[in-house]
Structure formats: structure tokens, C-alpha cells
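In: predicted model and sequence below, questions to follow.
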Amino acid sequence: MHSIQAFRGRWALFGERVVENGVLLVGSSPAGPPKILATVDPWSTELPATEDLVRVWRQWDEAVPDADGAIERLSDVDCGTNAILPALVNCHSHLEFSDLPAPLLSAGCGFAEWIRAVILRRANSGDPAVTTASESFKAEVCHQGWLEMWRGGTGAVGEILSYPTPQPDYDALAWQTGPSAFRGVVFHEVLGLAPARAQASWAWAAAALTAASPETAGPVRGLSPHAPYSTSTWLYRQCAVFCQQHAVPLATHLAESPEELELLADRRGPLVSLLQDLGVWRPEEIAARNVRDVLRELAQVPRLLVVHGNYLAREDWRWLLQAQPQASIVYCPQTHAYFQHPTHPWRQMLRDGLNVALGTDSRGSSPSLSLWDDLLLLRELAPEQDPRLLWQMATRNGALALGCAERLGSLEPGKLASFCLAQVETTSDDFSWEALLSPTTRLSRDC
Ligand SMILES: [Zn+2]
């Protein structure tokens, strides 16, 4: 049965506008996710009649019945003193590590040592030869991680699905329905320097992406060549061509650590030692000598997410802006702080016109999977910045980066009803962005 319901909040963020006593009118259908039919302010105004809302709704969805009585008007939901806000968009995570109680190693650890710990952790978390037990275990770990994000106000995620560990089937999982349904982009991660390994990884990802129908209600599929030190140039090119041909988004870890830059420039350093220890060091398979060379390989990708970009030089991101205006940087504040990298250049990137979005990364490097915690950290690190700008990084910029700005990132008619509630502690009667982005604010899903 189709239904319409009004959600009333003390405040509401509709588009870029903060509205006092805002009302969000949501249409739910049995076939798809709930949509925003209208936004109204203030709530003393009479709400639109059902027939008017249905007329709007049918413009987007012909399956919506227009017969009298075929649509239930549910009783209004009073969200009390909460602010109704668009759900956050987390552009980078690896949910498979969600059962870790704390980040691997300790804060400030070397990047190569951390990668070694990640590999060890993967090796111990299940036999790569897929078994039903390990598949369901991993699916459950991913599910719990997603629910943790969702409860913390996140509505969509850029999730990296790794190869060749057992995979959760994102389309088949029961958690695809209901308000906490998984949304966002699942990036199939490929890696390998040796040709046989790279080809096996590619075969897995290409088959998965070819099999995924764009018609399914499941998440969007993307590709993620892991990083320049682990992924051959051949594999990067395979991904770039596929993404271009099929309009698929691509995410890659790039300019993340000094060790990566050292490997590219000089073919030496702690990452080379690690790859040698693992018996997988194949320098002849890496053509790039610097970050720009990697970006050149990806210049034609229709939607590129540069994950981290901690050590990206200004001339490189300016070049990227020219070559690929749709590109985004994904800054992960908690993870960045964990590795004790120097200050991230996101302020200058934004000033130069680059889209900078936020991610948590995995619990392997972030103490929390809540993007809200990243946003609060960002506020602490950048008190001079307009809090509205930081909020946009966590919402609108994230939706742009994932290519879902038409459906997510703000509350506007026609978009998905992906929202969260914020209880803002304030002594004033006015809405305050400073008060919203404060540790005393509690984000929730229920009134
Ligand atoms: Zn990552």
C-alpha cells in the first residue's frame, strides 16, 4: 500500500534553507525507497491535500495509484524539538573491519607497518577459499558496521568491497529493505602487481559489475583499483576503460602517505620492503613515477574519487580540476589524525574549486564509524571555518562525490527521504550552526 506521512520538526534544513517549524512530506511505496513529496513551512500552514501530493508523486513514479482511497494518509510524526536534517554521506569505508574493537597498531604508526597489520588481520579472519560460514560472518560484520553508521545519522556510504576475501552479497542481503537499507556505492576493489594476480582480480570485478543490473534497487556499483603501490598500471588501465565505457565511478587510495610517494619516485622505502617480504614486488608493472602519472591514467573516468589525497600537491589537484572537473577528494579526518599526517590541504582544495567530501575509512584506522564524529573533529580542527561549509562537506559534497546528488545530500522534493534528527542544545530561540556542530548535539533516527 502506498502511503503519505508528514514529519514535523522544530527546525528543518530544506535545501540550503533553515526553516522554523518545518514539515517534510514523505511518500512511501511498496516498490522503492520513500521519497520527499513536499517541504512546507511553517507548520501552522495547512498542509497540501493528498490529491495534490499524489499529482506531484506521479510525475516521478507512474506506478503510484491515483484512485481515491488507494493511498493511506498516515498520522503525522511530531519530532518535537529536533531539527530534521539530511542524512550524512560517508564516502569511504571498508565495512569488513567493523568488528575490530579499536584501530590496528597505535596512533602515529608507520603506514607500511599498518598495511602489514591489515594483511595479517585479513589472513586471520577467514580462509580466502570461500566458505559459507565465512561469507555469512563477513556479511554480518558489514551489516553491523552499516547499522552503526546508519544509527549515527549516515544515509549513504562509498563502501570498498575487497578481493579475494569472502564477499557479502549486497543485493541478496535482507538488510536491503526498510528505513536502514544500505545505500550508496559499492566499489569492487582490485589489486595486484604480478600479471596473474592482477588478471584474477580483474576477472572477479569485471564479472561482478557486468552481472549487476543497473535496474536493481541495490546500491550503485563502482571500481576501486586499490593504490599505486599495490595495483599494476595494466589493472589501473582496465578499470579506467571500463569506467569510461560503462559510466561507472572509480575510487582509489592516492597520495595517502610519504611511503607511497617514495615508492613511486625512487622504487624504495618501507612499502617496497613490505612488498618484497610478501614476495609480490614487481616494479616493472608500475609505470607511474609520481601521483600525476596515476591521475593521467584516470583522467577520462567520468566520476573519480581520490581517497585521502593527504600529500597531493596543489599543481596536481589544479591539473586534475582541468582534466576531470567531476573529480572529488575524500578526506577522512579521524583516520588522518590517527596516522598523524601533516595538515590536510582541504581548505585550499575547496578554495580552488575542487569538491572535497568526507569519509570515516575503516575501524582499522578510525576509532569510530560515525561520520558525525569526523565532522565534530573537523569543526575542532577548523574553528575559523563557517560550520555550514563543514556540514556541506558531510552531506551535499558527499552526494556529489558518489554521483547521487539527485537523490541524496539535501532535503528537497523528488529526492529520497534520507534524513536524520538532531537534538541541538541551545539557550537561544534561534537556530545556530555553531550549536548544531557541537559535541552536545545528539543525532538520532527516532523522534
Ligand atoms: Zn581506505
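Out: Right, received. Where do you want to start?
In: going forward, measure contacts and count neighbours with C-alpha atoms only.
Out: OK.
In: just say helix, strand or coil for the residue with the largest distance to the centre of the chain.
Out: Distance to the chain centre peaks in the chain at D68, reaching 40.4 Å (criterion: CA atoms, centre = their mean). Look at D68: counting by DSSP: H, G, I helix; E, B strand; the rest coil, its state is coil.
In: residues contacting Q334?
Out: T360, S365, S366, P367, S368, D373, D374, L377 (CA atoms under 8 Å, 6 or more residues apart in numbering).
In: helix/strand/coil for it?
Out: What three-state DSSP gives for Q334 is helix.
In: returning to that earlier point: Q276: which of the contacts of Q334 is nearest?
Out: Comparing the contacts of Q334 against Q276 with CA to CA places S365 closest, at 23.8 Å.
In: burial of the residue lying closest to the closest one once chain neighbours are set aside, as a residue count?
Out: Distances taken as CA to CA, 6 or more residues apart in numbering place P103 nearest to S365, at 4.6 Å, with adjacent residues excluded. Neighbour count for P103, taken as other CA atoms under 10 Å: 18.
In: quick one: P103 from L377, how far?
Out: As judged by CA to CA, to the nearest Å, P103 and L377 stand 17 Å apart.
In: over to F242?
Out: Distance, F242 to L377, by CA to CA: 37 Å.
In: buried set for the helix or strand bottoming out on mean pLDDT in the chain?
Out: In the chain, the helix or strand scored least confidently by mean pLDDT, DSSP states H and E is helix 132-151, which has a mean of 80. For helix 132-151, the neighbour count (16 or more other CA atoms under 10 Å) marks 134-151 as buried.
In: one more: stretch 410-426?
Out: 410-425.
In: what residues does that stretch touch?
Out: By CA under 8 Å, 6+ apart, the surrounding residues in contact with stretch 410-426 are 13-16, 26, 33-39, 60, 79, 81-87, 153-155, 395-396, 406-408, 432, 435-436, 440-447.
In: so where's this protein uncertain?
Out: 125-135, 164-177, 213-218, 447 (pLDDT under 70).
In: center of it - which residue?
Out: Of all residues in the chain, the one closest to the mean position by CA atoms, centre = their mean is C91, 2.2 Å from it.
In: quick check, it in a strand?
Out: Yes. Looking at C91 with three-state DSSP, it is inside a strand.
In: that one touches L402, doesn't it?
Out: Yes. Under the criterion of CA atoms under 8 Å, C91 makes contact with L402 at 6.9 Å.
In: what touches both of the two?
Out: G158.
In: from start to finish, how long is stretch 292-304 in a straight line?
Out: Using CA to CA, the end-to-end distance of stretch 292-304 comes to 14 Å.
In: over to the nearest residue to S29 once chain neighbours are set aside: give its phi and psi.
Out: Distances taken as CA to CA, 6+ apart put H2 closest to S29, at 4.6 Å, once the chain neighbours are dropped. Phi and psi for H2, reported as degrees, to the nearest 10, are phi -80, psi 150.
In: show me what contacts H2?
Out: Listed by CA under 8 Å, 6+ apart, the contact partners of H2 are G27, S28, S29, P30, V64, P65, A70, I71, E72.
In: A117 touches P103, doesn't it?
Out: No. Checked against CA under 8 Å, the pair A117 and P103 is beyond contact range at 10.3 Å.
In: quick check, L321 in a helix?
Out: Yes. Assessed by three-state DSSP, L321 belongs to a helix.
In: phi, psi of the nearest residue to it once chain neighbours are set aside?
Out: Take L321 and drop its neighbours on the chain: the residue closest to it by CA to CA, 6+ apart is L354, 6.6 Å away. Taking degrees, to the nearest 10, you get phi -80, psi 140 for the backbone angles of L354.
In: can you tell me how far L354 is from L408?
Out: Going from L354 to L408 by CA to CA gives 20 Å.
In: neighbour count winner among those two?
Out: Between L354 and L408, counted using other CA under 10 Å, the more crowded position is L408 (29 against 20).
In: quick check: that one is in a strand.
Out: No. Counting by three-state DSSP, L408 falls outside a strand, being coil.
In: what residues are up against it?
Out: By CA under 8 Å, 6+ apart, the residues touching L408 are P86, R396, A399, K415, L416, S418.
In: what's the farthest-apart pair in the residues you listed?
Out: Across those, the longest distance by CA to CA is 13.3 Å; it joins R396 and L416.
In: which residues in the stretch 301-447 of the chain form helices?
Out: All helices of the stretch 301-447 of the chain, identified by DSSP state H, counting those that start in this stretch, fall at 314-323, 333-338, 346-351, 371-381, 387-394, 396-402, 433-436.
In: contacts for the last one next, please.
Out: If I follow you right, that is helix 433-436. Here helix 433-436 makes contact (CA under 8 Å, 6+ apart) with P387, R388, A422, V424, E425, T426, T441.
In: what about 6 Å?
Out: Here helix 433-436 makes contact (CA atoms under 6 Å, 6 or more residues apart in numbering) with P387, V424.
In: could you check how far that helix is from the centre of its chain?
Out: Computed by CA atoms, centre = their mean, to the nearest Å, the chain-centroid distance of helix 433-436 equals 24 Å.
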